[in-house]
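Visitor: pasting the structure only:
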Ligand SMILES: NC(=O)c1ccc[n+]([C@@H]2O[C@H](COP(=O)([O-])OP(=O)(O)OC[C@H]3O[C@@H](n4cnc5c(N)ncnc54)[C@H](O)[C@@H]3O)[C@@H](O)[C@H]2O)c1
Ligand SMILES: O=C(O)[C@H](O)COP(=O)(O)O
């Protein structure tokens, strides 16, 4: 059984019910499937215990898997099937979803699947929840953000369908179309009983002049109606261009309505927006329409207003529980003589389903291939061309963050952990001109935290980077320094925290570190690196090579980084630490070795014992 329980959650959040055992809350999806005190151990729910019909083809090992528990048009799926395994089980229950979700990389849904916090917590591989439609009220978007899962939708794929369905209900309630059809099927020929009203010349009132509302306004004007709207956020210019009169309050709007239609999301300010008092302010002949979300009209108040003749009729496509709970106000409304009802068909046209399917499937394809979505509900918008420019720097900044944590947190080096620190990320050269560097921010959080994170391998990404940084007490200041003179690189990125500095640049497709601490370097931050801080004196390389050779560790490359002042590329920052040996006339250097093989504690100890070695750190990038 499927419940539209967001409505109940919202109601509970706003007005905690005095009687928690009311039928609707007892039957609520969340409550029946996850009592507040229960703990779900997903390992106990063996997938073999799950029984549902799966129409999909068998899995190919290693290909990312996409779960589609609802009917989604095949037009978009054709984009995905060459790359991914698509599973389309039918009749998936909440428990089934929870049991199987851990193995999926993407989930494509419509309005029926409830994507709850426990489902998202269990979904260890999930990168994206794609809503083939507009409303994401069946997805716990906050939980998705916390887990770094992108939620995308199709903001405009079904506008025309929803608007046309509203007009279909408008005409149906005005002209008794369904009642006439029913009567004929039952052998009747009831003409005088089913006299309707014309819509031409009547006043259509719209609450919510967004995408659907505006489309309906234009259609209403086309039908010869006078259109008045109330939407505190609507543009007066756009309203005027659609021949819509905007009013500021419900009390101005409602008494004028021959037909009232609502096209807002269901949020705190729209829940029960039209209830007993509001119905009483309307004409007795008025008819109301709902193709938005169940709950914007109070269903019990609507039922009473229809029974009492306070208003004349209703056309309803959406309900607080879908399907309506037996004997609830929603279910009584569906069977009411003055109501024309449809089972959430607003977006159910071939065209709309093609649109939303292509919209969300192309975003799934992009995201699973490492790109950015076009319509993310919980991630900032970044233009594709900006993202292309940023992409090599994303890798660089992530490696710089990881190098920072591993090099400076190493027991033999001063530094400690990253928590509670403030990091300065400075962009110079061409990079300074890109204003939206959000992916670099996310890459730094990822790099700084991945080696110290216990998140079970879940990626930090653009969706949750801010949250994770806050949770770990990391502050990041980004500076776009476009005034840099004599820069030898097209772009340079510098990471600073306390007195530690790492700089890097991109050349072609490769990334390089150009400064580590007080040393001017040039190495690729990839693989296992041994960073040795030593006195620059003869015989050092031989000694180190001997230790590594005895332990069967191959050296892939080696580079020596001199103090910045000695390399001629700038002097050390005033106040920077001067090594003990330097005072005695010895020069410090860094020796960076890229190695193959396991560098264990014993190797580190032996290196540390070597004459003239000051510090040893092993980093895995
Ligand atoms: N029945 C269906 O199949 C179906 C299909 C498509 C959309 N929908 C639903 O229709 C609704 C509208 O969709 P949309 O794409 O037009 O959304 P939209 O975001 O483009 O428009 C919503 C409008 O509501 C306005 N609004 C918000 N709070 C308001 C308030 N308190 N008072 C007055 N106006 C307020 C906003 O300013 C905005 O202009 C959504 O709930 C969506 O889920 C249903
Ligand atoms: O929010 C939406 O897009 C509509 O309510 C459509 O829902 P559906 O995809 O379940 O038809």
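Guide: All right, it came through fine. The model shown is predicted, which means the values in this text are computed figures rather than measured ones. Ligands and ions are numbered 1, 2, ... in the order given.
Visitor: So which bits of the chain are right by ligand 1?
Guide: Contacts of the chain with ligand 1, taken as Cβ under 6 Å from any ligand atom, map to 134-135, 158-159, 162, 207-213, 230-234, 263-265, 269-270, 291-293, 317-318, 344, 346-347. In short, each C-beta sits where N, CA and C put it, glycine included.
Visitor: Pull out the buried residues from those.
Guide: The neighbour count (16 or more other Cβ atoms under 10 Å) marks 134-135, 158-159, 162, 207-213, 230-231, 234, 263-264, 270, 291-293, 317-318, 344, 346-347 as buried among the residues of the chain next to ligand 1.
Visitor: can you tell me which of these are in strands?
Guide: 207, 230 (DSSP state E).
Visitor: for residue 530, what are its contacts?
Guide: Residues in contact with residue 530 (Cβ atoms under 8 Å, 6 or more residues apart in numbering) are 548, 591-593, 595, 599, 607, 616-618.
Visitor: Would you mind checking the average pLDDT for the helix or strand hosting it?
Guide: If you go by DSSP states H and E, residue 530 is part of strand 528-535. Strand 528-535 carries an average pLDDT of 92.
Visitor: Distance from the chain centre to that strand, please.
Guide: Taking Cα atoms, centre = their mean, to the nearest Å, one finds strand 528-535 lying 41 Å from the centre of the chain it belongs to.
Visitor: Give me the sheet partners of it and which way each runs.
Guide: Using DSSP bridges, strand 528-535 pairs in its sheet with strand 588-596 (antiparallel), strand 613-620 (antiparallel).
Visitor: Which among those strands is found nearest to residue 153?
Guide: Nearest of the strands paired with strand 528-535 to residue 153, taken as Cβ to Cβ: strand 613-620 at 38.4 Å.
Visitor: Endpoint to endpoint, stretch 461-469 covers what distance?
Guide: Start-to-end span of stretch 461-469 (Cα to Cα, to the nearest Å) is 11 Å.
Visitor: What lies in contact with that stretch?
Guide: With contacts defined as Cβ under 8 Å, 6+ apart, stretch 461-469 is touched by 144-150, 372, 376, 378-380, 382, 438-439, 441-442, 445-446, 449, 460, 475-476.
Visitor: Then stretch 231-238?
Guide: Identification of contacts with stretch 231-238 by Cβ under 8 Å, 6+ apart yields 206-210, 213-214, 246, 248, 264.
Visitor: next one: stretch 71-79
Guide: In contact with stretch 71-79 (Cβ under 8 Å, 6+ apart) are residues 68, 86, 108, 110, 132, 350, 353-354, 356-362, 365.
Visitor: mind redoing it with 7 Å?
Guide: 86, 108, 110, 132, 353-354, 357-358, 360-362, 365 (Cβ atoms under 7 Å, 6 or more residues apart in numbering).
Visitor: sec struct for residue 266, please.
Guide: Assigned with DSSP: H, G, I helix; E, B strand; the rest coil, residue 266 falls in the coil class.
Visitor: Residue 306 versus that one, what's the distance?
Guide: 21 Å (Cβ to Cβ, to the nearest Å).
Visitor: cool, and residue 554?
Guide: Computed as Cβ to Cβ, the residue 554 to residue 306 distance reads 82 Å.
Visitor: same thing with residue 87?
Guide: 44 Å.
Visitor: what's the nearest residue to residue 612 if we skip its chain neighbours?
Guide: Closest residue to residue 612 apart from its sequence neighbours, by Cβ to Cβ, 6 or more residues apart in numbering: residue 535 at 4.2 Å.
Visitor: Tell me what that neighbour is bridged to.
Guide: residue 588.
Visitor: close enough to count as contact, it and residue 613?
Guide: No: using Cβ atoms under 7 Å as the test, residue 535 is too far from residue 613 to be in contact (8.2 Å).
Visitor: In the chain, what residue lies closest to ligand 1?
Guide: Closest contact between the chain and ligand 1, by Cβ to the nearest ligand atom, is at residue 210 (1.8 Å).
Visitor: Now that residue: closest residue in space that isn't a chain neighbour?
Guide: Closest residue in space to residue 210, ignoring its immediate chain neighbours: residue 263 at 6.2 Å, by Cβ to Cβ, 6+ apart.
Visitor: Can you verify my assumption that that neighbour contacts residue 208?
Guide: Yes: using Cβ under 7 Å, residue 263 is in contact with residue 208, at 3.9 Å.
Visitor: Can you work out which residues contact both of these two?
Guide: Common contact partners of residue 263 and residue 208 (Cβ under 7 Å, 6+ apart): residue 292.
Visitor: Return the residues of the stretch 301-450 of the chain in contact with ligand 2.
Guide: 344, 346-348.
Visitor: which residue sits closest to residue 399 in space, ignoring its chain neighbours?
Guide: Here the residue nearest residue 399, using Cβ to Cβ, 6+ apart, is residue 525, at 4.1 Å.
Visitor: Contacts only, for the one you found.
Guide: Applying Cβ under 7 Å, 6+ apart, the residues near residue 525 are 399, 403, 511, 513, 621.
Visitor: Those residues in helices, which ones?
Guide: Among those, DSSP state H puts 399, 403 in helices.
Visitor: Sort out which of the contacts of residue 525 are buried, if you could.
Guide: 399, 403, 511, 513, 621.
Visitor: and the two most separated of those?
Guide: Spatially, the most separated pair among the buried ones among the contacts of residue 525 is 403 and 511, at 11.1 Å (Cβ to Cβ).
Visitor: how far out from the middle of the chain is stretch 389-407?
Guide: 23 Å.
Visitor: Any idea how far apart the tips of stretch 294-303 sit?
Guide: End-to-end distance of stretch 294-303 (Cα to Cα): 13 Å.
Visitor: about what we covered before: need the strands paired with strand 528-535 in TSV (columns: mean neighbour count and distance to residue 543).
Guide: Below are the strands paired with strand 528-535 laid out as TSV (neighbours: other Cβ atoms under 10 Å; distance: least, Cβ to Cβ, whole Å):
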stretch	mean neighbour count	distance to residue 543
strand 588-596	20	11
strand 613-620	19	9
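Visitor: closest to residue 323 out of those?
Guide: strand 613-620 (53.8 Å).
Visitor: Could you check how far that closest one is from the centre of its chain?
Guide: How far strand 613-620 lies from its chain's middle: 39 Å, per Cα atoms, centre = their mean.
Visitor: same check, this time on stretch 74-85
Guide: Distance, centroid of stretch 74-85 to centroid of chain: 21 Å (Cα atoms, centre = their mean).
Visitor: Between its first and last residues, how far does that stretch reach?
Guide: First-to-last distance for stretch 74-85 - Cα to Cα - comes to 14 Å.
Visitor: Is residue 153 in contact with residue 377, as I believe?
Guide: Yes: with contacts counted by Cβ under 7 Å, residue 153 reaches residue 377, the gap being 5.8 Å.
Visitor: Report the set of residues contacting both of those two.
Guide: By Cβ under 7 Å, 6+ apart, the residues touching both residue 153 and residue 377 are residue 136.
Visitor: if you count what's nearby, which of these two comes out ahead?
Guide: In this view residue 153 and residue 377 are compared by other Cβ atoms under 10 Å, and residue 153 has more residues nearby, 23 against 18.
Visitor: With that, I have no additional questions.
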